[in-house]
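Asker: model the following, please.
(chains A, B, C and D)
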There are 2 protein chains.
Amino acid sequence: MAQDTPEAAEGPVGPGQQATVPVPTAAGSGPISHAIFRLARLHRMFAGQLLRRIGLHPGQELVMMHLWELGARRQADLVRLLDSDAATMTRTVRRLEQAGFVRRRPDPTDKRASLIEPTAASHALRREVERVWSQLEDISTAGLSDEERAAALLTLERLEQNLVQAAASPDAVAEP
Amino acid sequence: MAQDTPEAAEGPVGPGQQATVPVPTAAGSGPISHAIFRLARLHRMFAGQLLRRIGLHPGQELVMMHLWELGARRQADLVRLLDSDAATMTRTVRRLEQAGFVRRRPDPTDKRASLIEPTAASHALRREVERVWSQLEDISTAGLSDEERAAALLTLERLEQNLVQAAASPDAVAEP
DNA sequence: CACGTTTACCTGTCCGAACAAGTAAATCAC
DNA sequence: GTGATTTACTTGTTCGGACAGGTAAACGTG
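Answerer: Residues are numbered from 1 along each chain as shown, chains lettered A, B, ... in the order given. From the prediction side, this is the model:
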């Protein structure tokens, strides 16, 4: 590192360089992406604050909700359900196990796999988690009518679907 | 609390071919929160793939975009602009510095502060980053009219504002 | 059955995110 | 001016997220 051109780090790019495109400037070069990013960070922070009080970290509650809903599952299933990562799941499950919320049992039909099941103790958490998510929902959609909430949900799902489809079609992310 | 809509918590998901939508539905404990979570993860994953090719990690590009747009700024300013965390910013800036994309200069008016400024070398990145964000924007909002994009942006901002305000008012996150 | 491939999981590593705690300087109160 | 508070930043720690690499078991085909 090192080379610096101490001057002119400030201000507009100046006429010397190409004036770039008619891009609506930084705040405009991706307002939706920007908004997604910021909203997600805030939402995660909020969820984290609420979840911490009940002994969970953001991300763990999704695993528990799936287990409560579907019963024992293999890690690979959880990975697919959450669209997550196998390595992350390994550690998340381990922490949930250490916290006493899940148990691992060897899968009788596959010696490679483990069945992850919620413990009896974890069921006390379920209500707390659902309360937290309701709270998050109420906070996020404060002041929105039912129609607006539905519209917001549709908007989010539409953006998600766009990304899902783009991820599925190689041309969208094709590299040289 | 109370999440209603006992049925169809998972609305129209467009092309039914996508089986990757988790549908945690279950207790209906927060469709919007869930949608935010999933959208954010996908978006982040997508952004990460694109950004990695140009030598950045997700999150760093936002810092750079603000610096390119606004010029040298203090870390605290960046924290406020990005709604981020001071500790995270310290490390992000350090990595950007080590990568040669920013420089730190002591603030002449405040001995506690540093001014972070983009290096000349970083400006080659600007085009790449803007290209990536345009790509992300196009992918995310594929099939949306200008009006729909604007509406989507408003929706995201409204959700964000709700969270911001809730974070500011103690009663929202008050504990029992 | 042997052999290559896929699947399930784990570890190492790097990064962002967030809380806690600490240092130092600026600012406010008196 | 002295002292308390606020602000700017740093470090330590823990966790989710993602990529790379590795082991072992299941699977597929010849």
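Asker: host element of A:Glu117?
Answerer: Using DSSP states H and E, A:Glu117 maps to strand A:114-118.
Asker: A:His66 and chain B: what is the separation?
Answerer: 6 Å (CB to the nearest CB, to the nearest Å). The C-beta positions use only the backbone N, C-alpha and C, and glycine is treated the same way.
Asker: how many neighbours does that residue have?
Answerer: 21 (other CB atoms under 10 Å in any protein chain shown).
Asker: let's see the helix or strand where A:Ala166 lies as CSV, backbone CA atoms only.
Answerer: Using DSSP H and E, A:Ala166 maps to helix A:146-168. In CSV, the C-alpha atoms belonging to helix A:146-168 read as follows (Å, rounded to 0.1, in the frame of the first residue of the first chain):
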residue,chain,number,x,y,z
ASP,A,146,-53.6,-5.2,6.3
GLU,A,147,-53.5,-4.4,2.6
GLU,A,148,-50.2,-2.7,2.9
ARG,A,149,-48.8,-5.6,4.9
ALA,A,150,-49.9,-8.0,2.2
ALA,A,151,-48.5,-5.7,-0.5
ALA,A,152,-45.2,-5.5,1.4
LEU,A,153,-45.0,-9.2,1.7
LEU,A,154,-45.7,-9.6,-2.0
THR,A,155,-43.0,-7.1,-2.8
LEU,A,156,-40.4,-8.9,-0.7
GLU,A,157,-41.3,-12.2,-2.2
ARG,A,158,-41.1,-10.9,-5.7
LEU,A,159,-37.6,-9.5,-5.1
GLU,A,160,-36.7,-12.9,-3.6
GLN,A,161,-38.1,-14.8,-6.5
ASN,A,162,-36.2,-12.7,-8.9
LEU,A,163,-33.0,-13.5,-7.0
VAL,A,164,-33.9,-17.2,-6.8
GLN,A,165,-34.5,-17.4,-10.5
ALA,A,166,-31.4,-15.5,-11.3
ALA,A,167,-29.4,-17.8,-9.1
ALA,A,168,-30.8,-20.8,-11.0
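Asker: how far off centre is it?
Answerer: Chain-centre distance of helix A:146-168: 15 Å, with CA atoms, centre = their mean, to the nearest Å.
Asker: likewise stretch A:57-64?
Answerer: Relative to the centre of its chain, stretch A:57-64 is centred 10 Å away, using CA atoms, centre = their mean.
Asker: over to stretch A:58-71?
Answerer: Using CA atoms, centre = their mean, the offset of stretch A:58-71 from its chain centre is 14 Å.
Asker: contact partners of it?
Answerer: With CB atoms under 8 Å, 6 or more residues apart in numbering or on different chains as the test, stretch A:58-71 has contacts from A:44, A:47-48, A:51, A:56, A:73, A:78, A:81-82, A:88-89, A:92-93, A:95-96, A:101-102, A:116-118, A:122-123, A:125-126, A:129, A:132-133, B:22, B:24, B:26-27, B:29, B:37.
Asker: just the buried ones from those?
Answerer: Neighbour-count burial (16 or more other CB atoms under 10 Å in any protein chain shown) applied to the contacts of stretch A:58-71 gives A:44, A:47, A:51, A:56, A:73, A:78, A:81-82, A:89, A:92-93, A:96, A:101-102, A:116, A:118, A:122, A:125-126, A:129, A:132-133, B:22, B:24, B:27, B:29, B:37.
Asker: among those residues, which are in strands?
Answerer: Using DSSP state E to define strands, the subset of those located there is A:73, A:102, A:116, A:118.
Asker: which one of the residues you listed is nearest B:Arg149?
Answerer: Distance to B:Arg149 across those (CB to CB) is lowest for A:Arg73, with 38.1 Å.
Asker: how near is the nearest residue to that closest one once chain neighbours are set aside to A:Asp77?
Answerer: The shortest distance from A:Arg73 to any non-neighbouring residue, by CB to CB, 6 or more residues apart in numbering or on different chains, is to A:Ile116 (5.8 Å). Relative to A:Asp77, A:Ile116 is positioned 9 Å away (CB to CB, to the nearest Å).
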